[in-house]
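S.K.: quick one: sequence and predicted model below, then my questions.
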Amino acid sequence: MARDLALERAWRGRIRRQAKSGLTIRTFCERESLAAHQFTWWKRELRQRDGQRPVKTSAKKACPENCSNRQFLAVEVASGSSPGAPIEIILDAPPRIVVSTGFDPQLLRDILRTLGIASC
């Protein structure tokens, strides 16, 4: 059976809203009129799907000329290398970058430059 991408996007949005809300799954689901067991199933299911989903990197228009159209992106996170809030990269459709107060602006610039999103 083919995946329903619109349904997946809807559940990803619900899961993100719950995480941002600070509410428990039960409380969030009550407020949103959702079944908590269904929410939990989707959260687990999407986590598994994300582990199986290949990363698409072949689009030349997403890659600047100087990146040689690389097949993967190497990322190294050094423990304690920079203080501040985390930067979350969500490779969804469309991709999103979430930053919190206290993030390291230079790290964000480096990430954007590496991803070819901005030339800052």
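M.R.: It's in.
S.K.: how about E8: what's its closest non-neighbour residue?
M.R.: With sequence-adjacent residues excluded and distances taken as Cβ to Cβ, 6 or more residues apart in numbering, E8 is closest to L46, at 6.7 Å. No exception for glycine: its C-beta is placed from N, CA and C like everyone else's.
S.K.: distance of that neighbour from A36?
M.R.: L46 sits 16 Å away from A36, going by Cβ to Cβ, to the nearest Å.
S.K.: any idea how far C29 is from L5?
M.R.: Taken as Cβ to Cβ, the spacing of C29 relative to L5 amounts to 23 Å.
S.K.: which of these two has more neighbours?
M.R.: For C29 and L5, the more surrounded residue by other Cβ atoms under 10 Å is C29, and the numbers stand at 19 against 9.
S.K.: pretty sure that one contacts K43?
M.R.: No: with contact defined as Cβ atoms under 8 Å, C29 does not count as touching K43 (11.1 Å).
S.K.: elements contacting the helix or strand encompassing W41?
M.R.: Using DSSP states H and E, W41 maps to helix 36-52. With contacts defined as 3 or more Cβ pairs under 8 Å, 6 or more residues apart in numbering; DSSP states H and E, helix 36-52 has these neighbours: helix 5-21, helix 25-32.
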